[in-house]
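Undergrad: Below are the sequence and a predicted model for it; my questions follow.
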Amino acid sequence: MSYELPHLQALEAESIHIFREVAAELERPVLLFSGGKDSIVLLRLAEKAFRPAGFPFPIMHVDTGHNFPEVLEFRDRRIAEIGERLIVSHVQDSIDAGRAVEETGPRASRNRLQTTTLLDAIEQHGFDAAFGGARRDEERARAKERVFSFRDDFGQWDPKRQRPELWSLYNGRINRGEHVRVFPISNWTELDVWRYIAAEHLEVPSIYFAHTRPVFERDGMLYAHSPHVELIGGEEPFEVSVRYRTVGDMTCTGAVRSEALTLETVVAEIAATRITERGETRADDRVTEAAMEDRKREGYF
Amino acid sequence: MAPGAATNGHATLTQTSELLRFATAGSVDDGKSTLIGRLLFDSKQILIDQLDHVVQTSERRGDGYVNFALLTDGLRAEREQGITIDVAYRYFQTARRKFIIADTPGHEQYTRNMVTGASTADLSVVLIDARKGVIEQTRRHLYIASLLRIPHLVVCVNKMDLVDYDEAVFDRLVYEVTDWAARLDIVDITFIPISALHGDNVVDRSSAMSWYDGPPLLYHLEHVCIAPDRNLADVRFPVQWVIRPMTAEHHDYRGYAGQVAGGVLRPGDEVVVLPGGQRTRIAGIDTYDGEIDAAFPTMSVTLRLEDDIDVSRGDMICLAEDPPLVAREIEANVCWMGERPLMPGGRYAIKHTTRTARALVEALEHRIDVNTLEHEPAAELALNQIGRVRLRVSSPMLVDPYSRNRTTGSFILMDEATNDTVGAGMVVGALRALKGPDGPELG
Ligand SMILES: Nc1nc2c(ncn2[C@@H]2O[C@H](COP(=O)(O)OP(=O)(O)O)[C@@H](O)[C@H]2O)c(=O)[nH]1
């Protein structure tokens, strides 16, 4: 008998360990769920960590109000299936309360405003740990982020003051008012996530597969034509077969041309792609070289 | 071409492969970033937008060549100073294996980062500049690899192009390193002459060094045998979390969840729960995907026990005939990571497997000069220093020597005021091992 774990199982075991450590060492964790593929994997890992019992924490979704309807429909169905508690925090509420100011113009996005809503919700519910689906392979600034990433009482990340993380011994000690973002799939790559989804037969929102949708082209990317985005002169919506590589706010998540209707063909396309997930589809990261790092300092996920 | 490289690592959905974690160490400018960039690029993991970014930035900086090092420089401060100052993790995959690289800085003031990267590594890649030979930093990198007991070591003699790919230069370095390594506890060491910049012996075999008959680096990384590195002899299961659903359906279910730290567990095994000492049998091993008939490192599983005994987080399930050391006083090597020095009399929180307690530094026996390996008397351990300490712990520790088990032999120390992780500890042994959970409380 061979006592070697195939790599997906080794990654899974590590992630389960992280979930259980947080449940044991922190008082009020919450699992952030976007409906995207990474958080779908997180949900399954939480099931693996705690079943047959319920999760020792609720699930929270920060709804920008500009989410894809397919994703919201999927979210509600999936959470109902697993029988856990869902909290929805609305960016619209932060705007109505004057806590956040809506951007205007054709490039307006609520992506940045999510930070305020998220931090307010964390404070309101007294959460001291928030699980997120970020991976270190996504972007260069994330490559050095810890699995347990500390946020001060303003929700800010200080890359210079990260705690060393040794062996599998996580230090979850925090002061009142602080919280820790925990990334159980830090060591997974985009391909690992898809392979896991296939191996576990996990359902993903339909927008991950090729579908025909009205889009328009801006800065070399395809965006969904929707009431949430103003067109700039010369931009003409057209219909084409696309799929999404990430699921975010409709205003800043780009689609890629695709004919892939199954997990196998999606993975084949990803394997053959020569562009990173964020570079291809996330307008928010393209603004400046250090865009992600700046947003993380402010408390973005 | 190394097997696997040609497939781009992206085979099929269902393909399985092993995981290899390796750490890289080298002095500034030895070519570490170039080597990693080269591995990623030649194994086709660099995507166009990342490459564009590197090409553009290289041009802007006037590097005069495509600076692969830029691929691995994450944070802004580092980009500005042009050096790696924190552990960065990188990923790539071939058909045979998935790799996690802990890219660590080489300077003495970053010893703690190097130790952090080394703590989880199966293998360490140490770079030497062929022109400079073995320098103080090389000796330190080798020492840290041996202290952290990284099972496999690969010494890459880089910049061979700058010494005319001369075999004699390589041989001399092999001799020097082997000589130093003999003083360390190193089991497996491999030497490879490379040019990271030109790609010789990184992914593809070099045509310029026909005198070298070993494999290129990537081939070695894909084939080095890591399965026997884990301790499969001594059963160690630190209880992490108790699963008690208390629902109608699972009313009496009680499972002990954790990650196997050593040995192979099977249903029916007679076990002892430490430190309490109750004996029972494993009734079943559960996972979300159903019951399994064997659990081994590093699986995360849930054990059910035959008897209804009191088990909680921090307990350890072992075989009765092969228990760990149970002790309140331990001797350990510590790498200090705190801004304020460690001193005898200092009190810290200690985390070992799933147990947290308080520890008192009874004595600092010596400090280790990481460059000469000499033991020297010391009044304190400052940031990045390594020394031998004696600790008294507020509740019994269930430990193994680090040389026997890297999981049950390691611990961290945390500052109770700042909550920072300030020390990385490796157990050498127990003083006055206890039979049961008695002894005085820490004052
Ligand atoms: N000639 C030559 N130059 C190299 C080689 N590897 C790296 N370099 C150069 O050495 C310098 C330092 O390399 P870098 O990767 O930044 O070193 P690091 O500080 O160890 O990450 C750069 O100018 C590289 O282009 C090599 O194999 N041959």
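TA: Looks like it came in fine.
Undergrad: Extract the residue ranges of the chain that are flagged as low pLDDT.
TA: Picked chain A for this. For chain A, the stretches with pLDDT under 70 are A:1, A:140-141, A:271-301.
Undergrad: try chain B instead
TA: Applying pLDDT under 70 to chain B picks out residues B:1-16, B:43-55, B:58, B:63-85, B:106, B:433-443.
Undergrad: if I look at the residue of it most remote from its centre, how far off is residue A:250?
TA: When each C-alpha in chain B is compared with the mean C-alpha position (Cα atoms, centre = their mean), residue B:248 comes out farthest, at 43.5 Å. From residue B:248 across to residue A:250, the span is 43 Å (Cβ to Cβ, to the nearest Å). For every residue, glycine as well, the C-beta is placed using N, CA and C.
Undergrad: three-state assignment of the closest residue to the ligand within the stretch 1-150 of chain A?
TA: Residue of the stretch 1-150 of chain A nearest the ligand, by Cβ to the nearest ligand atom: residue A:143 (14.3 Å). Secondary structure state of residue A:143, per DSSP: H, G, I helix; E, B strand; the rest coil, is helix.
Undergrad: wait, isn't it in contact with residue A:135?
TA: No: Residue A:143 is beyond contact range of residue A:135, at 10.0 Å (criterion: Cβ atoms under 8 Å).
Undergrad: What residues does the stretch 251-400 of chain B have near chain A?
TA: Contact residues, the stretch 251-400 of chain B versus chain A (Cβ under 8 Å from any Cβ of the partner chain): B:253, B:257-259, B:264, B:287-289, B:294, B:296-300, B:313, B:337, B:349, B:351-352, B:354.
Undergrad: Which PyMOL command selects the buried ones in these?
TA: Restricted to buried positions by 16 or more other Cβ atoms under 10 Å in any protein chain shown, the PyMOL selection for those reads:
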select buried, chain B and resi 253+257+258+259+287+288+296+297+298+299+300+313+337+349+351+352+354
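Undergrad: circling back to that earlier point, run a quick neighbour tally on the residue of the stretch 1-150 of chain A closest to the ligand.
TA: Counted with other Cβ atoms under 10 Å in any protein chain shown, residues neighbouring residue A:143 total 23.
Undergrad: Against residue A:169, how distant is it?
TA: Separation of residue A:143 from residue A:169 (Cβ to Cβ) stands at 21 Å.
Undergrad: now swap in residue B:108 and tell me
TA: According to Cβ to Cβ, residue B:108 stands 24 Å off from residue A:169.
Undergrad: ok, now residue B:35?
TA: Distance, residue B:35 to residue A:169, by Cβ to Cβ: 29 Å.
Undergrad: So for the two, which sits in the more crowded spot?
TA: Taking neighbours as other Cβ under 10 Å, residue B:35 and residue A:169 compare with residue B:35 leading, 28 against 21.
Undergrad: Please tell me how far the more buried one sits from the ligand.
TA: According to Cβ to the nearest ligand atom, to the nearest Å, residue B:35 and the ligand sit 7 Å apart.
Undergrad: Excluding sequence neighbours, find me the nearest residue to that residue.
TA: residue B:196 (3.9 Å; Cβ to Cβ, 6 or more residues apart in numbering or on different chains).
Undergrad: residues from the stretch 51-200 of chain A in reach of chain B?
TA: Checking the stretch 51-200 of chain A against chain B by Cβ under 8 Å from any Cβ, the hits are A:51-54, A:136-137, A:140-144, A:159-160, A:162-169, A:171, A:173-175, A:186-187, A:189, A:191-192, A:194-195, A:198-199.
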